[in-house]
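Novice: Give the three-dimensional model of this entry:
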Amino acid sequence: MEKKYVLKSHSKGIDKINDKINYKINYENQLNPAQFEAVSSIEGNYLVIAGAGTGKTRTLVFRVARLVEMGYNPQSILLLTFTRKAAREMMNRAELLLDNRCGKVNGGTFHSFANITLRKFSNHIGLNSNFIILDQGDSEDVINLIKGQMKLGELKKRFPNKQTLYKIFSLSTNMCRPLDDIVIQEYPHFSLYLQEMRQIKNVYENYKKKSSLLDYDDLLIYLRDFLWKFSPAAQSLLNSINFVMVDEYQDTNKLQAEVVQGLTQLNNNLMVVGDDSQSIYSFRGANFKNIIEFPKLFKDVKVITLEENYRSTQPILDFTNQIIESAIEKYPKHLFTHKQSGVLPVIIKAATENMQSRFIVERILELREEGLSLNDFAVLFRSSFFSFDLEIELTKANIPFKKFGGMKFIETAHVKDMLAFLRISANPKDFVSWYRVLLLHEGIGPKKAQTIIDDFATGRISLETKPDAIVNPLYNDHILNLLYLLQDIHKKKLTPSEKIESILQYYEPFFMDKYDDFNKRKKDLEIFLNISQNYRSVDSFLADMALEPPQDTVIDIEAEMREEEFLTLSTIHSAKGLEWNTIFIIHALEGFFPSSMSCESADQLEEERRLMYVAATRAKQNLYITYPEKIFDRYNGITFAKPSRFLRELHKDLSEQWVLEDKTYYKY
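Specialist: Next up is the predicted model:
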């Protein structure tokens, strides 16, 4: 007689004998109570709010090890991260903590998991298993080809370039928002071409399907759709996944959140880890609402909050706790540490931006004398152009630095354009600068530009020649107007800022024509003009702009490569997840941080607050926040500025207030 034996899940059985397992690792002794609660939570849905510096990665690593020790198949544990490096680091740490079984955990990025899954189940999805993945450059080239075939480059008004089109399409996909909304909000000057952009997107999508091509966004779209159709193949995949863990959940976009929901349809065991107070990537499509609304989207969610900080001193935590206290929408938490000693954060008012820069240089040198390395310092800023003046002062003080999250001042193309005009005014035989300036003009290609340069090189024409006396048809009205400008700023005794003002007026139409994102770049040009206010000599200004002195010998280059000690300059976005002994946050001015554009939207303003919080929580021992009292505005001249509202809201006893002596400081 046959006897039936019904197979069933053993997960609850393991859970019941959880306390009886003879663990190799003493989890309770190696973790604080909140971390241990997260690590020992097994079945169900969990939201772990991990405050800055509270051991988020350590918690995930220990939970992976504990699940493996409990007997779960490592391949049934899915850990999704935002970078391959983060996934590898967690798996390596788990292996060292327990054993090599942890290396078999199914860990990786959303995109890498999607790639593996789509190839495995390609027959059930309608895909060729040998599909080709387009990287961003490939995608842009395909878009450009379609744009060319549609002859959109021949339009009288400029059409967006391939990079801009790709970004618009990608944001629309990841944010699950119509293309029209993205264009109107981010690129309103292109809204007249909405129909053409929709046509390009349709042709692009059809081209990929016909050619078995998938771009990065397609990987997530196909994966989401496969999961939600809930076919037998999808159910087979979902049955093989017991646990899903997601790192940095506050950085997920709407599409990724839908993938996570799809992955937990059968085994409803999900743990996401993140910090709502560090959600700062909306410009990439990240959706703050994903983490805020998590308890509404998933069943019976338990929230676990990690509040013990292992990075900063208590005075710094008191300061940062109050910054985020005023946030409108948040999970309540209060970071604390057992490091009760420490100095108060310092808010520094400088008379000018240049005085702000010189203070930072002097303070770094003072603290270095007290035993700190340059590697212990970071200067953080809201936008890349905030550091331009500081870069000049650091170079003059011979302080080596590396900049992250933005280009160095003279590496930005539009600033290079401005410098080229100024260099010609100082040295009419600077033919490299001539070439750059001439190519800005309509109808002047490399060949014609070289002919004009030859005229100047041989002396047939010079800046002394009256433009209206030139009869050569090569010199059209555009070039004659250029000569008038260059003659004017070459001959007259003008300050650097006066010359730059004239150049700006001439350059602005070229600037707006050349760059699709001119509205975002224009602040760089104002900062460029602002810096020039500190100079009376063009030669001195140009010399200081040469931030990268030429290397004469191989020995010099090798010596520089061996230089391991350097100061970090970074945008706050690029500094997230990192820490330094001493942090300087610069340009904490109303209208700059928070930016004036963010003040138009409550959501954007709240993200600016979180950005200040992220910056301040990078500091371990010392925190300095600086702002210049006077700033130069191209249209209004020198104006008085207010410190950031995020500073004005703070209790006075949470920080020291320093005022730098105000005096005019010119470099000759």
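
Novice: C-alpha only now, for contacts and for neighbours.
Specialist: Fine.

Novice: Just the pLDDT at the spatially most central residue of the chain, thanks.
Specialist: In the chain, the residue lying closest to the centroid (Cα atoms, centre = their mean) is residue 573, at 4.3 Å. With respect to pLDDT, residue 573 scores 90.

Novice: tell me how far the helix or strand containing it is from the chain's mean position?
Specialist: Following DSSP states H and E, one finds residue 573 within helix 572-575. In terms of Cα atoms, centre = their mean, to the nearest Å, the centre of helix 572-575 is found 6 Å from the chain centre.

Novice: what pairs with the following helix or strand past that helix, and is each one parallel or antiparallel?
Specialist: Next along the chain after helix 572-575, taking DSSP H and E as the criterion, comes strand 580-585. According to DSSP bridges, strand 580-585 forms sheet pairs with strand 377-381 (parallel), strand 619-628 (parallel).

Novice: would you list the ones you listed in JSON lines and tack on distance to residue 638 and mean neighbour count?
Specialist: Output for those, formatted as JSON lines (distance: least, Cα to Cα, whole Å; neighbours: other Cα atoms under 10 Å):
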{"stretch": "strand 377-381", "distance to residue 638": "22", "mean neighbour count": "26"}
{"stretch": "strand 619-628", "distance to residue 638": "12", "mean neighbour count": "23"}
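
Novice: Which one of those lies nearest to residue 488?
Specialist: Minimum separation from residue 488 across those (Cα to Cα) falls at strand 619-628, 33.4 Å.

Novice: Would you mind pulling the contact partners of the closest one?
Specialist: Strand 619-628 has contacts (Cα atoms under 8 Å, 6 or more residues apart in numbering) with 311-313, 316, 342-353, 355-356, 579-589, 616, 641, 643.

Novice: Equivalent analysis for stretch 595-608, please.
Specialist: 279-280, 327-328, 590-591, 593-594.

Novice: same deal with stretch 584-592?
Specialist: Stretch 584-592 is contacted from outside by 353, 356, 360, 377-382, 386, 593-594, 596-597, 615-616, 623-628, 641-645, using Cα under 8 Å, 6+ apart.

Novice: Kindly check the end-to-end length of that stretch for me.
Specialist: Its first and final residues considered, stretch 584-592 spans 16 Å by Cα to Cα, to the nearest Å.

Novice: could you pull out the strands for the stretch 101-250 of the chain?
Specialist: 106-109, 132-134, 213-215, 243-246 (DSSP state E, counting those that start in this stretch).

Novice: highest average neighbour count across those strands?
Specialist: Mean neighbour count, computed with mean count of other Cα atoms under 10 Å, is highest for strand 243-246 among the strands of the stretch 101-250 of the chain, reaching a mean of 23.

Novice: what lines up beside that one in the sheet?
Specialist: Paired strands of strand 243-246, defined by DSSP bridges, are strand 77-81 (parallel), strand 270-274 (parallel).

Novice: After the last one, which helix or strand is next?
Specialist: Beyond strand 270-274 in the direction of the C-terminus, DSSP H and E gives the next helix or strand as helix 289-292.

Novice: ok, now which ones touch the closest residue to residue 265 other than its chain neighbours?
Specialist: Leaving out its chain neighbours, the residue that sits closest to residue 265 by Cα to Cα, 6 or more residues apart in numbering is residue 238, at 7.5 Å. Residues near residue 238 by Cα under 8 Å, 6+ apart: 263-267.

Novice: Now restrict these to buried residues only.
Specialist: With neighbours counted using 16 or more other Cα atoms under 10 Å, these contain these buried positions: 263-264, 267.

Novice: wouldn't residue 565 be in contact with residue 402 here?
Specialist: No. Under the criterion of Cα atoms under 8 Å, residue 565 is not in contact with residue 402, lying 10.0 Å apart.

Novice: possible to save the strands paired with strand 580-585 as JSON lines with mean pLDDT and distance to residue 63?
Specialist: Shown next, in JSON lines, are those (pLDDT from 0 to 100; distance: least, Cα to Cα, whole Å):
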{"stretch": "strand 377-381", "mean pLDDT": "95", "distance to residue 63": "33"}
{"stretch": "strand 619-628", "mean pLDDT": "96", "distance to residue 63": "27"}
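
Novice: Could you dump these into JSON lines and include distance to residue 417?
Specialist: Below are those laid out as JSON lines (distance: least, Cα to Cα, whole Å):
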{"stretch": "strand 377-381", "distance to residue 417": "24"}
{"stretch": "strand 619-628", "distance to residue 417": "28"}
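
Novice: quick one: low-confidence ranges for the stretch 401-550 of the chain?
Specialist: For the stretch 401-550 of the chain, the stretches with pLDDT under 70 are 406-411, 467-474, 476, 520, 543-550.

Novice: which residues of it fall in helices?
Specialist: Using DSSP state H, counting those that start in this stretch, the helices of the stretch 401-550 of the chain run over 413-426, 431-438, 446-457, 477-491, 496-514, 518-532, 538-545.

Novice: Residue 145: which of those helices is closest?
Specialist: With respect to residue 145, and counting by Cα to Cα, the nearest of the helices of the stretch 401-550 of the chain is helix 496-514 at 19.7 Å.

Novice: For the protein, name the helix or strand with the lowest mean pLDDT.
Specialist: Least confident helix or strand of the chain, by mean pLDDT, DSSP states H and E, is helix 554-562 with a mean of 36.

Novice: Regarding residue 23, what are the backbone dihedral angles?
Specialist: Note on residue 23: its backbone torsions stand at phi -70, psi 140 [degrees, to the nearest 10].

Novice: Chain neighbours aside, what residue packs nearest to it?
Specialist: For residue 23, ignoring the flanking residues on the chain, the nearest one in space by Cα to Cα, 6+ apart is residue 69 at 6.8 Å.

Novice: Near the one you found, how many residues? Count them for me, please.
Specialist: Residue 69 has 20 neighbours, counted by other Cα atoms under 10 Å.

Novice: Does residue 330 touch residue 275 like I think?
Specialist: No. Between residue 330 and residue 275 there is no contact under Cα under 8 Å: 9.4 Å.

Novice: More neighbours: which of these two?
Specialist: Set side by side, residue 330 and residue 275 show more neighbours around residue 275, with 23 against 14, by other Cα under 10 Å.

Novice: so what pLDDT did the more buried one get?
Specialist: 95.

Novice: related to what we said a few turns ago, distance of the residue nearest to residue 265 from residue 227?
Specialist: Taking Cα to Cα, one finds residue 238 at 8 Å from residue 227.

Novice: what residues are shared contacts of those two?
Specialist: residue 263.

Novice: Let me know the secondary structure of residue 568.
Specialist: Following DSSP: H, G, I helix; E, B strand; the rest coil, residue 568 is assigned to strand.

Novice: how close does the closest residue to it other than its chain neighbours sit to residue 623?
Specialist: Nearest non-adjacent residue to residue 568, counting by Cα to Cα, 6+ apart: residue 378, 4.6 Å away. Distance, residue 378 to residue 623, by Cα to Cα: 10 Å.

Novice: Identify the contacts common to the two.
Specialist: Joint contacts of residue 378 and residue 623 (Cα under 8 Å, 6+ apart) are 582-584.

Novice: Throw the helices of the stretch 401-550 of the chain into JSON lines and include distance to residue 397 and mean neighbour count, thanks.
Specialist: Formatted as JSON lines, the helices of the stretch 401-550 of the chain follow (distance: least, Cα to Cα, whole Å; neighbours: other Cα under 10 Å):
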{"stretch": "helix 413-426", "distance to residue 397": "23", "mean neighbour count": "19"}
{"stretch": "helix 431-438", "distance to residue 397": "28", "mean neighbour count": "18"}
{"stretch": "helix 446-457", "distance to residue 397": "38", "mean neighbour count": "15"}
{"stretch": "helix 477-491", "distance to residue 397": "31", "mean neighbour count": "17"}
{"stretch": "helix 496-514", "distance to residue 397": "22", "mean neighbour count": "17"}
{"stretch": "helix 518-532", "distance to residue 397": "17", "mean neighbour count": "18"}
{"stretch": "helix 538-545", "distance to residue 397": "12", "mean neighbour count": "17"}
